[in-house]
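In: have a look at this fold, sequence not included:
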């Protein structure tokens with residue numbers, strides 16, 4: 001499965017990382033509304049347009065699509081101006097090529113940083129195949145979602161270090177991997193239902209003239225019911241964020257290496273993936289003199305190279321849109 005679905009990539013282009021880490025919160029309601037349009041190009045065996053598979057070793061075909069998508073975020077800041085409830089996606093996630101719809105609470109402390117606790121309810125489901133390995137007949141679609149609890153700490157003890165921990169559950173509406181062609185033992189190895197754990201540490205620093213550099217290391221454990229699907233991911237990210245008077249951009253590159261626990265019975269190999277990504281997010285504030293509006297865009301590319309051809313993937317997104325902040 002792709003690390004990011006194309007629809008998630010489309011939505012994250014709704015806003016770039018404007019930075020402004022020291023901006024004070026204002027009591028009351030606030031938020032943003034965005035509408036974006038974009039073009040996506042994806043090559044993956046998990047594209048639900050590729051309904052039939054003649055061989056598990058064949059290369060995936062490529063799909064192109066155009067889309068338009070809205071996005072809204074809402075928060076409420078209490079009178080103290082250091083406590084806030086929120087629903088939506090974080091601006092820092094957007095520029096890093098990640099997308100989480102979450103409901104949570106954050107607290108800002110004067111000397112120790114900002115801490116937040118949130119719930120990712122899994123409202124956005126991704127389409128995939130109930131059994132990806134059926135040959136020479138149409139594969140049935142199912143939906144996958146991830147629910148999670150997420151804890152983040154920004155500017156810990158007033159430093160430039162931040163951290164994130166998340167635990168969750170990845171669940172399928174109808175998991176049938178291997179049901180058509182494999183015995184019950186192999187089906188058990190291919191079960192994708194999973195518990196998920198994620199940890200990340202990052203360091204950000206302004207280096208002058210409105211430029212911020214950010215680096216991060218992360219660890220992900222996908223503890224699937226099927227041991228052939230269970231895997232561990234080690235990854236890293238590097239970002240350049242540039243703030244100008246009326247605009248900002250963020251460029252992020254990422255790399256992950258995934259190793260799987262057991263031999264995949266479909267291919268008689270233990271899967272190993274190398275995954276790269278690059279994202280360029282841009283925001284131009286007050287276009288045409290429109291107060292509280294901004295023009296936003298994103299160019300993103302992901303590639304996953306596996307030792308099993310079936311799991312090779314790549315995706316491209318280009319999008320533009322408008323964002324209104326209230």
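Out: Received it, and whenever you're ready, just let me know what you need. Fair warning: this is a prediction, and the values are worked out from it, not measured in the lab.

In: show me the shaky parts of the stretch 51-200 of the chain.
Out: 90-100 (pLDDT under 70).

In: tell me where it has strands.
Out: Counting by DSSP state E, counting those that start in this stretch, the segments of the stretch 51-200 of the chain that form strands are 62-77, 83-88, 102-109, 113-120, 126-129, 141-154, 161-172, 194-208.

In: and the second one, what does it pack onto?
Out: Using 3 or more Cβ pairs under 8 Å, 6 or more residues apart in numbering; DSSP states H and E as the contact definition, the elements that strand 83-88 packs against are strand 62-77, strand 102-109. Just so you know, the C-beta spots here come from the backbone N, C-alpha and C atoms, and that holds for glycine as well.

In: do the first one as well
Out: In this structure, strand 62-77 makes packing contacts with helix 6-12, strand 28-43, strand 83-88, judged by 3+ Cβ pairs under 8 Å, 6+ apart.

In: list the buried residues in the shortest one.
Out: Yep, that's strand 83-88 we're talking about. Burial within strand 83-88, assessed by neighbour count using 16 or more other Cβ atoms under 10 Å, is assigned to 84, 86-88.

In: what do you get for the second one?
Out: For strand 28-43, a neighbour-count test (16+ other Cβ under 10 Å) marks 30, 32, 34, 36, 38, 40, 42-43 as buried.

In: what mean pLDDT would you report for that strand?
Out: For strand 28-43, the per-residue pLDDT values average out at 89.

In: so it versus strand 83-88, what angle?
Out: For strand 28-43 against strand 83-88, the angle between stretch directions is 30 degrees (axes from the mean of the first three to the mean of the last three Cα atoms, to 10 degrees).

In: partners of strand 28-43 in the sheet?
Out: For strand 28-43, the paired strands and their directions (DSSP bridges) read strand 62-77 (antiparallel), strand 313-325 (antiparallel).

In: distance from it to the middle of the chain?
Out: What separates the centre of strand 28-43 from the centre of its chain is 14 Å, taken as Cα atoms, centre = their mean, to the nearest Å.

In: the last one now?
Out: Using Cα atoms, centre = their mean, the distance from the centre of strand 83-88 to the centre of the chain it belongs to is 20 Å.

In: run through who's touching that strand.
Out: Residues outside strand 83-88 that contact it (Cβ atoms under 8 Å, 6 or more residues apart in numbering) are 25, 31-32, 71-78, 101-108, 118.

In: now it against strand 102-109, angle please.
Out: Relative orientation of strand 83-88 versus strand 102-109 (the same axes, to 10 degrees): 150 degrees.

In: got a list of what the residue nearest to residue 118 when sequence neighbours are not counted touches?
Out: Distances taken as Cβ to Cβ, 6 or more residues apart in numbering place residue 104 nearest to residue 118, at 2.6 Å, with adjacent residues excluded. Taking Cβ under 8 Å, 6+ apart, we find residue 104 in contact with 85-87, 116-119, 150.

In: which of the helices and strands packed on strand 62-77 sits closest to residue 274?
Out: Minimum separation from residue 274 across the helices and strands packed on strand 62-77 (Cβ to Cβ) falls at strand 28-43, 16.0 Å.
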